[in-house]
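Enquirer: Here is my input; please provide its structure:
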Amino acid sequence: MGGLCGDGRLARPRGAKLRRICLADVENASAAHLELVAWRSHLLLSPFTYTMKTTKLISFACLACLPLSSHAQVNDAVRALKILPAPKEVRMAEGRIVIKPSTSILISNDEDRTAAETLQGEIHDRTGMKLSIDLASAAPKTTGHISLGRLTDRGLRSYLESQGVRVGDDLDKQGYVVRVTNSEVLIAGRTAQGLFYGVQTLRQLLRPEGPGGKKLAIPAMVIRDWPSMEWRGVSDDISRGPVPTVDYLKMQIRTLAEYKINLLGFNMEHVFDFQTQPLVSPQAAALTPAEIKELVEYASKYYITLLPEQQAFGHLHQFLKYEIYSDLAEMPHGHVLTPTNPKTYDFIRQVYGEVVPLFPGPFFHIGSDETFELGLGQTKALAAQQGLGRVYLEHLQKVFEIMQPYHKQLMFWGDIAVKYPELLTILPKDMIAVPWDYDPKPSYENIITPYANAGLRVVVAPGAGNWGVIWPNLESAFMNIRNFVRDGQKHQAIGALNTTWNDDGESLVDMTWPGLVFGAAASWQPGESSIDDFKSSYDWAFYRNAGDTFADVIANLDRAHTLLAGVKLNNASHELFWSDPFSEAGANTAAEALPVTHDLRISSEHAAESLMLNRAKAHLHAETLDDMLLAARHLDTLGLKIQFTSEISWFYWDAYQNQTDGTRAQHDLDEIVDINGRLETLRDAISQLREMYVEGWARENQPHWLNNVLARYDNLAQEVQAKIVVVQAAQRQYWNTKTLPPPEQLGFFLK
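Expert: Just a heads-up that it's a prediction; the model follows:
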């Protein structure tokens, strides 16, 4: 095998005739087109047999000479690849390989078939070519393969090292190598998981060529990559409104795995089909043991561990609202279990006895956040005697003891325990604290270090900013995720758990992908991830669009939050949309928002128009554009509602103040309730939005809970319809008497 001589020259392989032997200075190799060495003999990768063969002249022989670009100093060439997560080390070279119908994907182990199929599927979807997947031992010894190998293979390892590709201990079980030459592609990992991640990176390297982009090529390079955090997770709230279908959860698993997420948590509370607690589960939607087993098996194919979160302290109102659990409740029909009743621990044993065995992963999340009622009810005397912190932490310790037979590592939300740093030694060192904070802050060390100082492992939990809003507040979420994950890495957190919530039961997951993918990137990449680099890469990495079309759409949608925050309304919330526009409070809110609604509507309409015109540019994950269009329409309708209710009030006040001018008064009233009057237009917009929301819900979720959201659409539409009836009655009164009722009587307030 050839290697580098001490003076930077390439050593000649035995028997090879070198055409050129002098190389440019290795330190300057990336700045110019290097004088490449070529020989008439080169390695034929028939992938797991490494022998010298005579073949055509190639210009790739000194790929090993090119310096690596680390993630900390990413150059423009690496940024141009637009890979998410960005790999740690990239070495670019001249040349490329073109994928042809004759190209085959070679695997050495049947365990790698899922990885191969994800690559096969992408190539097929983008070109119509369906490459064969063959075992390497059965493949003909020709060039042009995409070979998937294991770094545990000594021959493969020796070959890579001979080509200057360092295969060290930093390439852990999740690390991988990608090597692309003019004639071969090699992806290798120490484990099947690492190999899978290498394939996901290769998928993003497939660049369109030729008419219509129906050919794919891969630029020549070497990538070495491994994660900065062992566990990179997402926690999805499926208990407060939307309960996804099994098919949607599978899609979620596949998509998260593309970006190297390996932990997916379900915040379940009451949506498991409990046999011992039959009252609480929504029978039409609860996940059954068979469905969970199916999901666990499916997720394992994509190297994702499912993390159940079954509350053991707070957030249990769906149980405690029933009278039969009244003696377990800290406060009647409240949210928190009382630690004072021994039956509480019998209840936990029963619930966990059903749930825990279904999830074979190493972790179990016991929740235990926001226990605000603790110490106010049954525990009041005990808390006064021992202190609230001790009561809280001793309950967690008891849950830990209950869980011992299951041999799980217990996670708990860190918002309460962090208030009692001097008592954290009560907790067993095997427990894992999950501090969370969703506000954008410059630092989160104050909620991480108490646990680190107490010797507890930590998983940091930022948020995707999707709850309570029409569209996720991404600018806020990006800063929260970036800084929280950065601080977690600084303090050796074992992972990150990016959270989504459904506080008002309306949020749809397909709007949340930018935040979820950024969380995946930040937890794989080292240190502080670049938000700007992420934005510039997202179109390609998620949609396989070469431009910035969808990044621009996202920026237009996110602008709604910035605009409304500028007039002190915080963000584009569902609450703002559902507020009664014909109350004095609603009129005050509309008056505050009115100065920015023109810009809000322009941005949302540009987003909607772009989505409708450019859907074909999304060559991957195009189905997520439907929820983006829904968000654009929703934001536009919010702006329309604010504008129209303000205009309606103005027109009615003008008619009222000019009742003696019959023509003027009639014109004003017609602007409100005639054909295409503003009230009719507003009612119609709400009804159309309702239809779009029903379609969006059906794409992701089971029917359960949908009617609770639709009741809000119906109520708002009915408020507008009732106002149509009232104004029409006022109009008839004017025809008969030339008088109008006072504006405030009809709910019109001029601000």
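Enquirer: Name the secondary structure element that contains the most centrally placed residue in the chain.
Expert: Ranked by distance to the mean C-alpha position of the chain (Cα atoms, centre = their mean), the top residue is residue 516 at 1.7 Å. Under the criterion of DSSP states H and E, residue 516 resides in helix 513-524.
Enquirer: The residue nearest to the centre of the chain contacts residue 498, doesn't it?
Expert: Yes. The pair residue 516 / residue 498 is scored as a contact, 6.2 Å apart, by Cβ atoms under 8 Å. For every residue, glycine as well, the C-beta is placed using N, CA and C.
Enquirer: returning to that earlier point: need the contact list for the residue nearest to the centre of the chain.
Expert: With contacts defined as Cβ atoms under 8 Å, 6 or more residues apart in numbering, residue 516 is in contact with 234, 256, 259, 261, 464, 498, 500.
Enquirer: re the thing from before, which neighbours do residue 516 and residue 498 have in common?
Expert: With Cβ under 8 Å, 6+ apart, residue 516 and residue 498 have common neighbours 234, 464.
Enquirer: coming back round to it: next structured bit after the helix holding residue 516?
Expert: Counting by DSSP H and E, the next helix or strand C-terminal to helix 513-524 is helix 531-543.
Enquirer: tell me what that next one is packed against?
Expert: Helices and strands touching helix 531-543, by 3 or more Cβ pairs under 8 Å, 6 or more residues apart in numbering; DSSP states H and E, are helix 76-79, helix 474-490, helix 513-524, helix 549-566.
Enquirer: Which of the ones you listed has the highest mean neighbour count?
Expert: helix 513-524 (a mean of 27; mean count of other Cβ atoms under 10 Å).
Enquirer: give me the number of residues near residue 616?
Expert: Residue 616 is flanked by 8 other residues according to other Cβ atoms under 10 Å.
Enquirer: what pLDDT does it get?
Expert: pLDDT, residue 616: 96.
Enquirer: Distance of it relative to residue 625?
Expert: Here the criterion is Cβ to Cβ, to the nearest Å. By it, residue 616 lies 10 Å from residue 625.
Enquirer: Now the common contact residues for these two.
Expert: Common contacts of residue 616 and residue 625 (Cβ under 8 Å, 6+ apart): none found.
Enquirer: what about residue 122, neighbour count?
Expert: Using other Cβ under 10 Å, residue 122 has 21 other residues around it.
Enquirer: contacting residues for the spatially closest residue to it that is not a sequence neighbour?
Expert: Distances taken as Cβ to Cβ, 6 or more residues apart in numbering put residue 203 closest to residue 122, at 4.9 Å, once the chain neighbours are dropped. Shown in contact with residue 203 (Cβ under 8 Å, 6+ apart): 118, 119, 122, 258.
Enquirer: which two from these end up farthest apart in space?
Expert: Maximum pairwise distance among the contacts of residue 203 (Cβ to Cβ): 11.2 Å, between 119 and 258.
Enquirer: so where's this protein uncertain?
Expert: 1-75, 77, 138-142 (pLDDT under 70).
Enquirer: for the nearest residue to residue 176 once chain neighbours are set aside, what are its contacts?
Expert: Nearest residue to residue 176, sequence neighbours excluded (Cβ to Cβ, 6+ apart): residue 198, at 3.3 Å. Neighbour list for residue 198: 148, 176, 177, 178, 187, 188, 189, 223, 225 [criterion: Cβ under 8 Å, 6+ apart].
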